[in-house]
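here is my input, please return the structure:
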Amino acid sequence: MSHADADLQDVVITRIYEAPRELVFACLTTPEHLTHFWGPPGVSTPLDKIVVELRPGGRFETIMVNDETGEEYPSAGVYIEIDPPAKLIWGETGAADGMTTTTTFTDLGDGRCEVVIHQQNVPAMYRSPEALAGFNASLDRFVAYLATLG
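So this is what the prediction gives:
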């Protein structure tokens, strides 16, 4: 194991949403939904800065914009596997470490959905307390957005 490999780890986040699996999947794969919650508070992701080509080999790109400074934070990935509404797998574009994200959607019944986000080969900068707090804050924004759709 090389030193670089030792710095890569997995991140797993599990959330239960009070919404049907099909809606949760649609919200996480449709720019018109993503624009409402993608990114932590203080950051927005304009609709025209989101690309979703929902097919294997298709692009997933966002540019989050700091609401105060206008600084932009781009990210890009390529879909590897899509099984609506059960699973999404995508890999970071240009990531030398091969970071991948697998998201599974489980119908819990009663209009609830469990989402498990499993990121593999995650660099240390994305595992910092600040980065993980930002990721979870975005998921909290998603909860609030889902509540507006009910």
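
now the most centrally placed residue in the chain: phi and psi?
Nearest to the geometric centre of the chain sits L28, at 7.2 Å (C-alpha atoms, centre = their mean). Here is the backbone geometry of L28 (degrees, to the nearest 10): phi -90, psi 0.

now do the same for it: its pLDDT.
L28 carries a pLDDT value of 97.

does anything pack onto the helix or strand where N136 lies? Which helices or strands?
Element membership for N136 (DSSP states H and E) is helix 129-149. If contacts are counted by 3 or more C-beta pairs under 8 Å, 6 or more residues apart in numbering; DSSP states H and E, helix 129-149 sits against strand 9-17, helix 21-27. Every residue, glycine included, has its C-beta placed from N, CA and C.

of all those, which lies closest to N136?
Counting by C-beta to C-beta, N136 lies closest to strand 9-17 out of these; the figure is 7.1 Å.

list the strands paired with that closest one, with their directions.
Take DSSP bridges as the rule and strand 9-17 pairs in its sheet with strand 112-122 (antiparallel).

run through who's touching the strand it pairs with.
Outside strand 112-122, the residues that touch it by C-beta atoms under 8 Å, 6 or more residues apart in numbering are 8-21, 23-24, 95, 97-108, 126.

list the buried ones in it?
With burial defined by 16 or more other C-beta atoms under 10 Å, the residues of strand 112-122 counted as buried are C113, V115, I117, H118, Q119, Q120, N121, V122.
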